[in-house]
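A.B. asks: Could you look at this predicted model? Sequence included:
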Amino acid sequence: MTAAPAVDLRPAAPRGQHPGNLASQPSRSTRKRWFDGWGLLMLPLALFLLLVFVAPLALVLARSFTDPVTGLDNYRDFVSSSLYVDVLANTFRISGVVTLLTLVLGFPYAYLMTLATPFWRGVMLIVVLVPFWTSLLVRTFAWVLMLGDTGVVNQTLLGLGVVEEPIAMIRNSTGVIIGMVQVMLPYAVLPLFATMRSIDRRLLQAGEGLGARPMTAFWRIYAPLTLPGVAASCLLVFISSIGFYVTPALLGGPKDVMIGELIVQQLSGVLRWGFASALAVALLVVTAALLLLVARIVNVGKFMAGDR
Amino acid sequence: MQSQLSRDAGTSIDIRNVVKRYKGQTAVDDVTLSVEAGEFLTLLGASGSGKSTLLNIVAGFITADAGRIEVGGRDLTTVPPHRRDLGMVFQHYALFPHMTVWQNVAFPLKRRRVAKAQIASRVRQALEVVELGHLAERRPAQLSGGQQQRVALARAIVFEPQALLMDEPLGALDKRLREQLQLEIKRLHHELGTTFVFVTHDQEEALAMSDRIALLRDGRVVQIGSPQDLYDRPASRYAAEFLGESNLFTGRCDGRTFVDERSGAAFTVAAGGNGVELRNGSALVVRPEHVMLAADDAPLPADHNTLDGLIRDVTYLGSGLRVEVALPDGRHLVTRTGTRSGLRPQPGLPVVAHWHAEHAVVVADDTGAAVSATVSETASTVAA
């Protein structure tokens, strides 16, 4: 009979059961050093960034004030022409719409992922990630084949008699937005899913127990807790969208030029390197200003208050 | 759906033939249980006994496969949780992390569309009851575990629910805090007069807090009664071992005589017992505080049962001593005495352990042979 006696005969936790435990615990120095040997590992990346990011940026900034002549001419040209300002505005408009659409599509998708069984969650994750495995160019051309006047969608609609004439879905902002949303969707879904997965669903139950209808509990409790993920996904999508070139070039029309296209055109088309540099700087400054503004309004940090 | 505003507005809860199965396992097995209005009832049981499932069925978070739940005579079996008007406190607090303490407590009132001015005064009141008025603007993450659970309590009582359900609310707290909150919850029950249903696996907690305890095992209620009932008159060996420490002898009972199968010793027991049929396969329970020790030549009262032994171990507990007496057949007996009893227990001292017949309870031996017995094997260790 191996019955455990009342209290005192229980063997003390067997020693040496985890012999590695104590030995493998490195004695951590409490002294914080600003720079130690491990810091050197950062050096290659720091050098790389300095060489290919900071230095060129400085060059671009310098060129925007010096090419072809020193002064503010490039910026004056940019501000004085409504055409260029319209392109910038159009860039922000399309990026904004794309951000909103990816959020509207990505939010329920990410939410469903948190509810799915592990198998279906895996499937849904792969479906989101597939675009990452395909070249952007290939995908954009695929949209041309899909959405063109003689493309799959229009042929089907015409064949079914739903429409008389093909719907114009490329060479306008519709095409640009469809193409960009598809490309950006993973960037929206992944941060949303990461945030939602960490939300304790039992809070919804608690809310219902306190008298909230299931929908009310969702919007009052769950939705606010997803805000950090919403903010992260919106930022990612918006910033990435601003710099798009291939998709608007292939799917957009003459009225939907985005600033990326304009910069390329100024660089390789008309060789106004100084003006192209000024456009790039303007884009950077306006984007940074917008982000600061959003950060002030949303105050993402507030939702994390106290979460150590 | 207006909640009663009067105090001591306790509501009875009737659980009728409730069954819940999970993939072949029966979590709750045909439980029928009545919680009286204003009562503090504890569902006590080991993990897997179905106590938490049962509470969640009452709250409406889990749907029973069969049976009915009635609160205050109203059938709630198919009513969704948000319309049951029951306060719930969880082990994991379940405070809303994006809201302040104030907003958390105001939440149930806002859902009930209580007027703004009234929300303010009721939230303030509820926070005062749990003594957290000064932390109203904090967020949950800025509070300690004990403070968080008190906020959860305030949130569960602020809307004056028909009953308060608590699912191991103190399970995540350390011992001192747990004992402090036990007292606070008891006081709250006393002040509000609301019906409380409390789930715990901690028998001391159950004994200290409850009006009545329902002991659950494998999804069934094996005994229900006051803490005294369960402690002094356990219905089964399982109940005796689950609540408190006990000395157990297995054997046969014949009338007022119990024969220990191991040593053949015969003990006198109180007549009648607690209504258990006294028969083969029964066990004799003697609580440690009822076992007294005497020097082996001391005269003893005639109606006491006696066992000779050697003191094996003495543990100082502050308020008293816990003494283990090794019996000749290798088992040992646990006793508790005051520090000022006549005898000075020392290891190795031969003693007579004795107890009054009234203090021995015969119960059905419902535990398998492999389960630990308190009068246990110590043969090998005693020799030294």
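C.D. replies: Now that the structure is in, tell me what you want to look at.
A.B. asks: alpha carbons only for contacts and neighbour counts from here, please
C.D. replies: Noted.
A.B. asks: excluding its backbone neighbours, what's nearest the residue of the stretch 51-200 of chain B found nearest chain A?
C.D. replies: When scored by CA to the nearest CA, the stretch 51-200 of chain B has residue B:82 as its residue closest to chain A, at 4.1 Å. Using CA to CA, 6 or more residues apart in numbering or on different chains and skipping residues adjacent in sequence, the residue nearest residue B:82 is residue A:211, 4.1 Å away.
A.B. asks: quick one, what contacts the residue of the stretch 51-200 of chain B closest to chain A?
C.D. replies: By CA atoms under 8 Å, 6 or more residues apart in numbering or on different chains, the contact set of residue B:82 is A:208, A:209, A:210, A:211, A:212, A:213.
A.B. asks: Let me have those residues in TSV, extended by secondary structure and pLDDT.
C.D. replies: Below are the contacts of residue B:82 laid out as TSV (DSSP: H, G, I helix; E, B strand; the rest coil; pLDDT from 0 to 100):
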residue	secondary structure	pLDDT
A:208	helix	96
A:209	helix	94
A:210	coil	95
A:211	coil	94
A:212	coil	95
A:213	coil	95
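A.B. asks: List only buried entries from those.
C.D. replies: Buried members of those, counted by 16 or more other CA atoms under 10 Å in any protein chain shown: A:208, A:209, A:210, A:211, A:212, A:213.
A.B. asks: Relative to residue B:241, which of those residues is nearest.
C.D. replies: Checking these against residue B:241 by CA to CA gives residue A:209 as the nearest, at 35.3 Å.
A.B. asks: Wait, the closest one touches residue B:59, no?
C.D. replies: Yes. Counting by CA atoms under 8 Å, residue A:209 touches residue B:59, with 7.2 Å between them.
A.B. asks: Which residues are in contact with each of these two?
C.D. replies: B:81, B:84, B:86, B:88.
A.B. asks: Skipping adjacent residues, who's closest to the first one in space?
C.D. replies: I take that to be residue B:81. Nearest one to residue B:81, counting by CA to CA, 6+ apart, is residue B:60 at 4.8 Å.
A.B. asks: Over to the second one?
C.D. replies: With CA to CA, 6+ apart as the criterion, residue B:84 has its nearest non-adjacent residue at 6.9 Å, and that residue is residue B:76.
A.B. asks: for the one you found, what are its contacts?
C.D. replies: With CA under 8 Å, 6+ apart, residue B:76 has these contacts: B:68, B:69, B:70, B:84.
A.B. asks: Could you list the buried residues of stretch B:55-68?
C.D. replies: Of all the residues in stretch B:55-68, those buried under the rule 16+ other CA under 10 Å are B:55, B:56, B:57, B:58, B:59, B:60, B:61, B:63, B:64, B:67, B:68.
A.B. asks: Quick one: distance of the helix or strand the fourth one falls within to the chain centre.
C.D. replies: Using DSSP states H and E, residue B:58 falls within helix B:51-59. Averaging C-alpha coordinates over helix B:51-59 and over its chain gives two centres that are 16 Å apart (CA atoms, centre = their mean, to the nearest Å).
A.B. asks: Quick one: mean pLDDT over it.
C.D. replies: For helix B:51-59, mean pLDDT rounds to 95.
A.B. asks: Report the mean per-residue pLDDT for the helix or strand just after it.
C.D. replies: The helix or strand immediately downstream of helix B:51-59 is strand B:66-71, counting by DSSP H and E. Averaged over strand B:66-71, pLDDT sits at 95.
A.B. asks: Which helix or strand in chain B has the lowest average pLDDT?
C.D. replies: Sorting the helices and strands of chain B by mean pLDDT, DSSP states H and E puts helix B:379-382 at the bottom, at a mean of 32.
A.B. asks: for the helix or strand where residue A:93 lies, which positions count as buried?
C.D. replies: Per DSSP H and E: residue A:93 is located in helix A:82-115. Within helix A:82-115, the residues that count as buried by 16+ other CA under 10 Å are A:84, A:86-88, A:90-92, A:94-103, A:106-107, A:109-111, A:113-114.
A.B. asks: which parts of the helix ranked longest in chain B are buried?
C.D. replies: Across chain B, the longest stretch assigned as helix under DSSP state H is helix B:175-192. Using 16+ other CA under 10 Å as the test for burial, helix B:175-192 gives B:178, B:181, B:182, B:185, B:186, B:188, B:189, B:192.
A.B. asks: for stretch B:197-216, same thing?
C.D. replies: Residues B:197-203, B:205-207, B:209-216 are the ones in stretch B:197-216 that count as buried (16+ other CA under 10 Å).
A.B. asks: Using CSV, write down the CA coordinates of that stretch.
C.D. replies: Taking C-alpha atoms only, stretch B:197-216 is exported to CSV below (Å, rounded to 0.1, in the frame of the first residue of the first chain):
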residue,chain,number,x,y,z
VAL,B,197,-23.2,31.0,-3.4
PHE,B,198,-19.5,30.4,-3.0
VAL,B,199,-17.3,27.9,-4.7
THR,B,200,-14.1,26.7,-3.2
HIS,B,201,-11.8,23.7,-2.9
ASP,B,202,-10.5,25.0,0.4
GLN,B,203,-12.2,23.2,3.3
GLU,B,204,-11.0,25.7,5.9
GLU,B,205,-12.5,28.5,3.9
ALA,B,206,-15.7,26.6,3.6
LEU,B,207,-15.9,25.9,7.3
ALA,B,208,-15.1,29.5,8.2
MET,B,209,-17.5,31.2,5.9
SER,B,210,-20.6,29.2,5.2
ASP,B,211,-24.1,28.8,6.7
ARG,B,212,-24.2,25.5,4.8
ILE,B,213,-21.7,23.5,2.8
ALA,B,214,-22.6,21.2,-0.1
LEU,B,215,-19.8,18.8,-0.5
LEU,B,216,-19.5,17.6,-4.1
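A.B. asks: same question for that stretch, mean pLDDT?
C.D. replies: 95.
A.B. asks: what about that stretch and chain A, touching?
C.D. replies: No. Against chain A, stretch B:197-216 shows no contacts by CA under 8 Å from any CA of the partner chain, the least distance being 14.9 Å.
A.B. asks: correct me, but the residue nearest to residue B:81 touches residue B:80?
C.D. replies: Yes. Using CA under 8 Å, residue B:60 is in contact with residue B:80, at 6.1 Å.
A.B. asks: Where does the prediction get shaky in chain B?
C.D. replies: Low-confidence segments of chain B (pLDDT under 70): B:1-9, B:271-281, B:339-342, B:367-384.
A.B. asks: What are the boundaries of the helices in it?
C.D. replies: Secondary structure of chain B (DSSP H): helices at B:51-59, B:101-111, B:116-129, B:145-157, B:175-192, B:203-209, B:227-232, B:237-242, B:379-382.
A.B. asks: From the contact counts, what lies against the second one?
C.D. replies: Helices and strands touching helix B:101-111, as assessed by 3 or more CA pairs under 8 Å, 6 or more residues apart in numbering or on different chains; DSSP states H and E, comprise helix B:116-129, helix B:145-157.
A.B. asks: Let me have those in a markdown table, extended by mean neighbour count.
C.D. replies: Listed next are the helices and strands packed on helix B:101-111 as a markdown table, based on neighbours: other CA atoms under 10 Å in any protein chain shown:
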| stretch | mean neighbour count |
| --- | --- |
| helix B:116-129 | 17 |
| helix B:145-157 | 24 |
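A.B. asks: Can you tell me how far residue B:45 is from residue B:168?
C.D. replies: Residue B:45 sits 11 Å away from residue B:168, going by CA to CA, to the nearest Å.
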